[in-house]
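# Quick one, structure for this:
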Amino acid sequence: MKSKSNIIIKSIVFISFLILFYLIFRYFSSDHKSYHFTYILITISGLIFWIGIFFLSEDLKQKILLVFFSSYITLLSFEIYLNIYGHYKELGTKPFIYYKKYLKADKNFVRPIYPSVFSNNKQELWRIFNFAEYSKEIYPLTGISNRPTLMCAESGFWVTYNSDRYGFNNNDEVWDKKNIDILLVGDSFVHGFCVKNDNNFSAKIKKYSGKNVLSIGYGGTGPLVQLGQLIEFGLYKKPKKIIWFFGEGNDLKNLKDESTHTILKKYMHENFSQNLKSKQKEIDKILLKILNKYIIKNEKLETDKEELEKGKALFLKNIIKLYNVRKITINKLLKIEQTRDEITKVKKLAIERDLLDRNPNNLKNFEQIMEIALNLSKSINSELYFVYLPTYSRYLDVHAHATESQMFNRKIILDIINKLNIPIIDIHSKVFKLEKDPISLYPYRKNRHFNKEAFDKASKVIVNNIKEY
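Residues are numbered from 1 along each chain as shown. The predicted structure follows:
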């Protein structure tokens, strides 16, 4: 009579052979040959181990099986946890599904409408509609005003804020203050992605400086739109300090697109203005029309059920394959996701990206914009500071081939700012480079905006590096 132990072991060996055949098939049909070859060797080693178990005593077999299944159940539980944890990591990728849930609770809720939707970029994610048709006479540079706004959820919870009278993320009463000490200019980092309002740059800089802070930062913007925001909304408050945030990950790329738009290009002539402060009602009307049509009338967004089904399928697939557990154990230990081919590919793409971003016209436009910003700040007796924000990709192992100054045209950008004698506050060298594990300063260690610890540390550095009043 066959023992139960032998039946279980034979079943494990049979399943292992099926896995081996699958891996061999994947080896010949996939580009990731080194990845699958590693797992072929691991599976063969497992087969040899389990076949060898047949020759042991029944008592020893039972003990080994007990340890095996106990370990497997532990790993399975951990995989389930990582998948649930991963669900919260991916909240920010499904904004419109969650937005509709917020709308049910409060019909006043809106989503940010980024200035880039009016650009000439045909690859823009939002271009299900031709948004330029909604606004031909003006180019909106802000969001919808005086409304509860659902922003993003990169840290596992949804961030909301009440937009001010011009659609920015401020307490509205700050616009009534006679004196603004510090004005913040920038993209989504300055907008507040994706931390609660008491943890963003505006709140932290106010806390550590004890000064009045006004933010005109908005997501998806590049240097030219930011110059427009400074002209339209910032200069008239005559701030004592202007802090200009530059995100190395995409600001040059955004500028390349912005520089092709007829209205935006006019900001490179210092006397141009759209007088947007007096047109907020018109802007709100345009943006609300876009939001309502994009959310309510576009059938492509009715994907709640599809997303749920996809999520369930992925959840089950990950559990069966112990995907996340293997990713943070075997894959990381053996570095099998960082093959030489992958590093070569990443290096090639990085070089191509940086080459496109640093075309002569783009760099010339960037320098001109910063020179205009400097002259404008001097015209109101304000001091301009340039804050250099690093991007997540800089700290990945696959980028270890690149020097600090090569990536994202860092040296070229800083040389331009130094040439203009604008003080630089380098968050890469003063915060992230000093960390043993810089990736820990990003939510869930993913390619996103800073977490609250990073915002806090960067804000301290900024306050400590601006001159006393």
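
# ranges for the helices of the stretch 351-469 of the chain?
360-379, 410-419, 427-430, 452-464 (DSSP state H, counting those that start in this stretch).

# how about those helices in TSV, adding mean neighbour count and distance to residue 193?
Bear in mind the C-beta positions are built from the backbone N, C-alpha and C, glycine included. Below are the helices of the stretch 351-469 of the chain laid out as TSV (neighbours: other Cβ atoms under 10 Å; distance: least, Cβ to Cβ, whole Å):
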stretch	mean neighbour count	distance to residue 193
helix 360-379	17	23
helix 410-419	16	21
helix 427-430	18	16
helix 452-464	20	10
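
# Could you tell me the model confidence score at residue 36?
We have a pLDDT of 80 for residue 36.

# One more: the one 3 residues further on?
Model confidence at residue 39, expressed as pLDDT, equals 87.

# Make sure it is indeed in a helix.
Yes - going by DSSP: H, G, I helix; E, B strand; the rest coil, the assignment for residue 39 places it inside a helix.

# can you pull the contacts of it?
Neighbour list for residue 39: residue 23 [criterion: Cβ atoms under 8 Å, 6 or more residues apart in numbering].

# Relative to residue 148, how far out is it?
Shown here: residue 39 relative to residue 148, a distance of 49 Å by Cβ to Cβ, to the nearest Å.

# Report the distance from the host helix or strand of residue 12 to the chain centre.
Assigned by DSSP states H and E, residue 12 belongs to helix 4-29. Distance, stretch centre to chain centre, for helix 4-29: 40 Å (Cα atoms, centre = their mean, to the nearest Å).

# Which positions in it come out as buried?
Using 16 or more other Cβ atoms under 10 Å as the test for burial, helix 4-29 gives 5, 8, 9, 12, 13, 16, 19, 20, 23, 26, 27.

# from memory the last one sits against residue 38, does it?
No - with contacts defined as Cβ atoms under 8 Å, residue 27 does not count as touching residue 38, sitting 10.1 Å away.

# what residue ranges in the stretch 51-200 of the chain score low on pLDDT?
Across the stretch 51-200 of the chain, residues meeting the criterion (pLDDT under 70) sit at 85-97, 121-134.

# so where do the strands sit in it?
Remark: strands assigned in the stretch 51-200 of the chain by DSSP state E, counting those that start in this stretch are 148-150, 160-162, 182-185.

# buried stuff in the first one?
With burial defined by 16+ other Cβ under 10 Å, the residues of strand 148-150 counted as buried are 149, 150.

# What is that strand packed up against?
In terms of contacts (3 or more Cβ pairs under 8 Å, 6 or more residues apart in numbering; DSSP states H and E), strand 148-150 is packed against helix 95-105, strand 160-162.

# which secondary structure elements does the shortest one contact?
Based on contacts counted as 3+ Cβ pairs under 8 Å, 6+ apart, the elements that strand 160-162 packs against are strand 148-150.

# List the contacts of the strand it packs on.
So strand 148-150 is contacted by 95, 98-99, 102, 106, 108-112, 143, 158, 160-163, 169 (Cβ under 8 Å, 6+ apart).

# Stretch 53-68 too?
In contact with stretch 53-68 (Cβ under 8 Å, 6+ apart) are residues 3, 5, 6, 8, 9.

# Can you name the residues that contact the third one?
In other words, residue 6. 54, 61 are the contacts of residue 6 under Cβ under 8 Å, 6+ apart.

# circling back to that earlier point, want to throw the helices and strands packed on strand 148-150 into CSV with mean neighbour count and distance to residue 252?
Listed next are the helices and strands packed on strand 148-150 as CSV, based on neighbours: other Cβ under 10 Å; distance: least, Cβ to Cβ, whole Å:
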stretch, mean neighbour count, distance to residue 252
helix 95-105, 15, 26
strand 160-162, 17, 28
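
# Which helix or which strand is home to residue 271?
Going by DSSP H and E, residue 271 is not part of any helix or strand.

# swap that for residue 244, sorry
With DSSP H and E as the test, residue 244 turns up in strand 241-247.

# Restricting to C-alpha, output that strand in PDB.
Coordinates of each C-alpha in strand 241-247 appear next as PDB, following Å, rounded to 0.1, in the frame of the first residue of the first chain:
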ATOM      1  CA  LYS A 241      11.200  85.300  -2.200                       C
ATOM      2  CA  ILE A 242      10.300  83.300  -5.300                       C
ATOM      3  CA  ILE A 243      11.200  79.600  -5.100                       C
ATOM      4  CA  TRP A 244      11.200  78.000  -8.500                       C
ATOM      5  CA  PHE A 245      11.000  74.100  -8.400                       C
ATOM      6  CA  PHE A 246      12.500  72.200 -11.300                       C
ATOM      7  CA  GLY A 247      11.700  68.500 -11.700                       C
END
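
# Quick check: mean pLDDT of it?
Strand 241-247 carries an average pLDDT of 98.

# so what strands line up beside that strand?
Sheet pairing of strand 241-247 (DSSP bridges) gives strand 182-185 (parallel), strand 383-389 (parallel).

# Could you check it and say which residues are buried?
By neighbour count with 16+ other Cβ under 10 Å, strand 241-247 contains the buried residues 241, 242, 243, 244, 245, 246, 247.

# Return the list of helices and strands in contact with the helix or strand that that strand is followed by.
Going down the chain from strand 241-247, the next helix or strand is helix 251-258, by DSSP H and E. Judged by 3+ Cβ pairs under 8 Å, 6+ apart, the packing partners of helix 251-258 are helix 223-229, helix 340-357, helix 360-379.

# rewinding a little: export the strands of the stretch 51-200 of the chain to TSV and append columns for distance to residue 330.
TSV is the format used below for these (distance: least, Cβ to Cβ, whole Å):
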stretch	distance to residue 330
strand 148-150	39
strand 160-162	40
strand 182-185	44
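
# which helix of this structure spans the most residues?
Secondary structure of the chain per DSSP state H: the longest helix is helix 58-89.

# which residues of the stretch 201-350 of the chain score low on pLDDT?
Applying pLDDT under 70 to the stretch 201-350 of the chain flags residues 270, 295-315, 335-344.

# And the strands in it, which stretches?
Counting by DSSP E, counting those that start in this stretch, the strands of the stretch 201-350 of the chain are 213-215, 241-247.

# Name the stretch from the ones you listed that approaches residue 271 most closely.
The closest of these to residue 271 is strand 241-247. By Cβ to Cβ, the value is 19.0 Å.

# List of residues touching that closest one?
By Cβ under 8 Å, 6+ apart, strand 241-247 touches 181-190, 201, 205, 217, 223, 226, 230, 234, 370, 373, 377, 382-389, 391, 413, 425, 462, 466.
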